[in-house]
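Novice: prediction below, plus the sequence it came from.
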Amino acid sequence: MRSYSLIAPAKINLYLEILGDRPDGYHELVMILQSIDLADKIDLRAISTDTIRVHCDNAQVPADKSNLAYRAAELMAKQFPESFAQYGGVEITIHKKIPIAAGLAGGSSNAAAVLVGIDLLWKLGLTQSELQELAAQIGSDVPFCIAGGTAIATGRGEQLSPLPSLDNLYIVLGKHRSLAVSTVWAYSTYRATFGHTYTRNIQNLESRAQAVHSGSMVKAIIHEDGAEIAQKLHNDLEKVVLPEYPKVSQLRQAFQASGANGAMMSGSGPTVFALCTSLEQAQQVHQQVRQIIPDPDLDLWIARMCSGGIQVS
Ligand SMILES: C[C@@](CO)(OP(=O)(O)O)[C@H](O)COP(=O)(O)OP(=O)(O)OC[C@H]1O[C@@H](n2ccc(N)nc2=O)[C@H](O)[C@@H]1O
Ligand SMILES: Nc1ncnc2c1ncn2[C@@H]1O[C@H](COP(=O)(O)OP(=O)(O)O)[C@@H](O)[C@H]1O
């Protein structure tokens, strides 16, 4: 085959706890990540020149070397120079559905799709863990995007253990089109403001242990108890993003007032999601939030949790 189309799903964070600083400058995390069926489509085509080309139907997405999809192709070319020479270059076309800089790992998922797609194009036969090792060189969330589903992530987010899948739950996502939050800003502001409370700071170990609950979230997931999962949603980055972005805070309140089981910001934001145990409930929440915030700048989507990562379409 000279071309492949891949589905690259977004993720939400059901749980994000910042434990401390790492020697590499990143933060040590405990996260629970969940794929959702809001997805980009990535077309990959082998081309005869030894170049990497990126196109995207959204002009806000960079089409140069800073695109994470480009970086994924470049990494594969560097890692497998003989295959690059044999099969030639690659043209990547991104059909964007996932909002950008939204805390939904759109760029990471695109990069994961390119790794999976080039593995197929060049007939490399890499295992999932080999693909995930390459993925970790591109970004902390990229290894998760390869496998998808429901997983607990530790380290800087790249150490993964799968959890039972949660494909019967619905979410309503909301994002103001004019807002974007930089992940670098969110983590550095968190460090500057809350660095003294890190678990690794022994003084606060006891109070912190009482406050966090990743174990009870895992239990709720194992029981597939949507109402319980909603109670255990947690994201430390809310502490810096919500005060800085009042619209995100208002949206979170609107979701909570609309009959959802729970609401939380995803990743570094500004997307907020509401957890619902049925499609009907999600439709009601969608309608009510639209009434509470009639702002045309606010985009709302209904999505379903899904059990897989990158799929060949
Ligand atoms: C916050 C989260 C939650 O899932 O996702 P997004 O909101 O970006 O989707 C992730 O931790 C983001 O993952 P990802 O976007 O892949 O991060 P990377 O490219 O590896 O890192 C971007 C920047 O975030 C900070 N960073 C990231 C991960 C981590 N464990 N500690 C950090 O301090 C660093 O400043 C780093 O330079
Ligand atoms: N393929 C891509 N899709 C979206 N954004 C990308 C991509 N490649 C690089 N970027 C850049 O990465 C930044 C973060 O985008 P994204 O991955 O959508 O958000 P987040 O890290 O919040 O999940 C954007 O500001 C954008 O400039």
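Specialist: In hand now; what should we look at? Ligands and ions are numbered 1, 2, ... in the order given.

Novice: for the stretch 51-200 of the chain, what lies in contact range of ligand 1?
Specialist: Taking CB under 6 Å from any ligand atom as the measure of proximity, the stretch 51-200 of the chain contacts ligand 1 at 103, 105, 108, 139, 140, 141, 156, 157, 183, 184, 187. Every residue, glycine included, has its C-beta placed from N, CA and C.

Novice: I'd guessed the last one sits against residue 241; true?
Specialist: If I follow you right, that is residue 187. No: counting by CB atoms under 8 Å, residue 187 stays clear of residue 241, with 10.8 Å between them.

Novice: element containing residue 12, please.
Specialist: Here residue 12 sits within strand 3-21, counting by DSSP states H and E.

Novice: buried residues of that strand, list them for me.
Specialist: 4-19 (16 or more other CB atoms under 10 Å).

Novice: which residues are in contact with the nearest residue to residue 171 once chain neighbours are set aside?
Specialist: Of all residues not flanking residue 171 in the chain, residue 273 sits nearest, at 4.6 Å (CB to CB, 6 or more residues apart in numbering). Residue 273 makes contact with 12, 171, 172, 173, 174, 255, 263, 264, 265, 266 under the criterion CB atoms under 8 Å, 6 or more residues apart in numbering.

Novice: closest approach to ligand 1 from this protein, which residue is it?
Specialist: residue 267 (2.3 Å; CB to the nearest ligand atom).

Novice: can you classify the nearest residue to that residue once chain neighbours are set aside as helix, strand or coil?
Specialist: In this structure, residue 267 finds its nearest non-sequential neighbour in residue 103, 3.3 Å apart by CB to CB, 6+ apart. When classified by DSSP: H, G, I helix; E, B strand; the rest coil, residue 103 comes out as coil.

Novice: do residue 230 as well
Specialist: Relying on three-state DSSP, one would call residue 230 helix.

Novice: circling back: now for residue 187 and residue 241: what residues contact both?
Specialist: With contacts taken as CB under 8 Å, 6+ apart, residue 187 and residue 241 have residue 268 as neighbours in common.

Novice: ok, these two, which is more surrounded?
Specialist: residue 241 (24 against 19; other CB atoms under 10 Å).

Novice: need the pLDDT of the spatially closest residue to residue 12 that is not a sequence neighbour.
Specialist: Of all residues not flanking residue 12 in the chain, residue 266 sits nearest, at 4.4 Å (CB to CB, 6+ apart). On the pLDDT scale, residue 266 is placed at 98.

Novice: please apply the same query to the one 4 residues further on.
Specialist: Note for residue 270: predicted pLDDT of 98.

Novice: number of nearby residues for residue 218?
Specialist: When neighbours are counted by other CB under 10 Å, residue 218 registers 19.

Novice: repeat for residue 297
Specialist: 11.

Novice: that one and residue 175 touch, don't they?
Specialist: No: contact between residue 297 and residue 175 fails when scored by CB under 8 Å: they sit 9.4 Å apart.

Novice: ok so, going back, ok, so of the buried residues of strand 3-21, who is nearest residue 51?
Specialist: residue 4 (18.2 Å; CB to CB).

Novice: so the closest residue in space to residue 22 that isn't next to it in sequence: helix, strand or coil?
Specialist: In space, residue 22 comes closest to residue 28 once its chain neighbours are excluded; the distance is 5.2 Å by CB to CB, 6+ apart. Under three-state DSSP, residue 28 falls in the strand class.

Novice: having no further points to raise, I will conclude here.
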